[in-house]
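In: my questions are about this predicted structure, shown below with the sequence.
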Amino acid sequence: MPTNSKFRREPLDKAVADVRLAVRQSLAGSVREGEAVLVALSGGPDSLALAAATAFEAPKQGIRAGAVIVDHGLQDGSADVAARAAHQARALALEPVMVIRVGVDGRGGPEAAARTARYAAFDSALTDTGASALLLGHTLDDQAETVLLGLARGSGSGSLMGMAPVSGRYLRPLLGVRRAATHDACAAEGLEPWTDPHNSDPSYTRVRVRQNVLPVLETELGPGIAEALARTAEQLREDTEAFDAMIDEFIEEICEPAEAGIAVSVSALAANPPALRHRIIRMVAASEFGQSLSRSHTLAIAALVTDWKGQGPIDVPGFTVTRNGGRLEFSARQPTVG
């Protein structure tokens, strides 16, 4: 019997299906029925495809979905771009739709300052709306670029792990989706994304990685480089999270309170391999003093264990480390007066 074309459903575009599946899995793993989420929407193809997929998937799981648009005011016409993104969000039936204008002071460089202001706005939006999570549109390509930048800086496993799919209240559903798929999804759904001129400005290191470095790697080493870098980040994250969990238990055994800080057993540090010893030192610095140690500072502190010749205290940003008998004492540095 012939099928009535009137009732025949057109096949779902693959890119749309891929983005929706990524969002569906992310929401199912992190958000409960009856809760609300926000989508960070710039109006670009990544965030617009994410917003459309969230608007489709969230109600199916009993989740309310809204959007937050941050206007940094760094480009001419930024208010118009934000207003257009808000209009697109409302057309997708997202509610509430918030537009937040932020000031960027430039400290630490324009990119870092904009990021700090943006995440402060996200935190404020989450608090104001009571949403349990905020979805970010970072893609597999963004992850690959992040790993390459971390590799170039030589900043260790923390950078090579890239971005986490779940980081507190922040979700990144699209880390397994290529950037091209978000463009295709927008086209398939009749959405018109905004093109950020900063994304093609070679004065930004990330843009040079995107436009020059990754294409050369693809040409010289073969296709699939971005996927390989993203897989590396995922595997390293799994290893690091397991390692950190074991170290947390170990630290409780070898640490004890000390005046203005914490003391760690020298013999316990000396009995373990450098990778573990260095990681313990970095974790103490981060957890007790909120400091991220450089490689040189980590090695200088470790030398109080492995190359002890009676040297004095090691001063690093935020704290001082002294060897006192069988203990390594981490103490907060006193502020300089005058």
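Out: Everything's here; your move.
In: what is the mean pLDDT for stretch 10-30?
Out: Across stretch 10-30, the average pLDDT comes to 95.
In: flag every buried residue along it.
Out: With burial defined by 16 or more other Cβ atoms under 10 Å, the residues of stretch 10-30 counted as buried are 13, 15, 16, 18, 19, 20, 22, 23, 24, 26, 27, 30. All C-beta atoms are positioned from the backbone trio N, CA, C, and that covers glycine.
In: how far is that stretch from where the chain is centred?
Out: Mean-position distance between stretch 10-30 and its chain equals 21 Å (Cα atoms, centre = their mean, to the nearest Å).
In: wasn't residue 42 part of a helix?
Out: No - counting by DSSP: H, G, I helix; E, B strand; the rest coil, residue 42 falls outside a helix, being coil.
In: skipping its backbone neighbours, what lies nearest it in space?
Out: Excluding its sequence neighbours, the residue lying closest to residue 42 (Cβ to Cβ, 6 or more residues apart in numbering) is residue 85, at 6.5 Å.
In: residue 39 is in contact with that neighbour, correct?
Out: No - when contacts are counted by Cβ atoms under 8 Å, residue 85 is not listed as touching residue 39 (10.3 Å).
In: neighbour-wise, which of these two wins?
Out: Per other Cβ atoms under 10 Å, whichever of residue 85 and residue 39 has more neighbours is residue 39, with 31 against 26.
In: what average pLDDT does the strand or helix carrying the more buried one get?
Out: If you go by DSSP states H and E, residue 39 is part of strand 36-40. The average pLDDT within strand 36-40 is 98.
In: what's the spacing between that strand and its chain's center?
Out: Relative to its parent chain, strand 36-40 has a centroid offset of 16 Å by Cα atoms, centre = their mean.
In: one more: stretch 25-33?
Out: The answer for stretch 25-33 is 18 Å, by Cα atoms, centre = their mean.
In: quick one on the thing from earlier: need the overlap of contacts for residue 85 and residue 39.
Out: Residues touching both residue 85 and residue 39 (Cβ atoms under 8 Å, 6 or more residues apart in numbering) are residue 67.
In: neighbours of the residue lying closest to residue 250 once chain neighbours are set aside, how many?
Out: Excluding its sequence neighbours, the residue lying closest to residue 250 (Cβ to Cβ, 6+ apart) is residue 280, at 7.4 Å. Taking other Cβ under 10 Å as the criterion, the count of residues near residue 280 is 21.
In: identify the residues contacting residue 280.
Out: 247, 250, 251, 254, 264, 269, 272.
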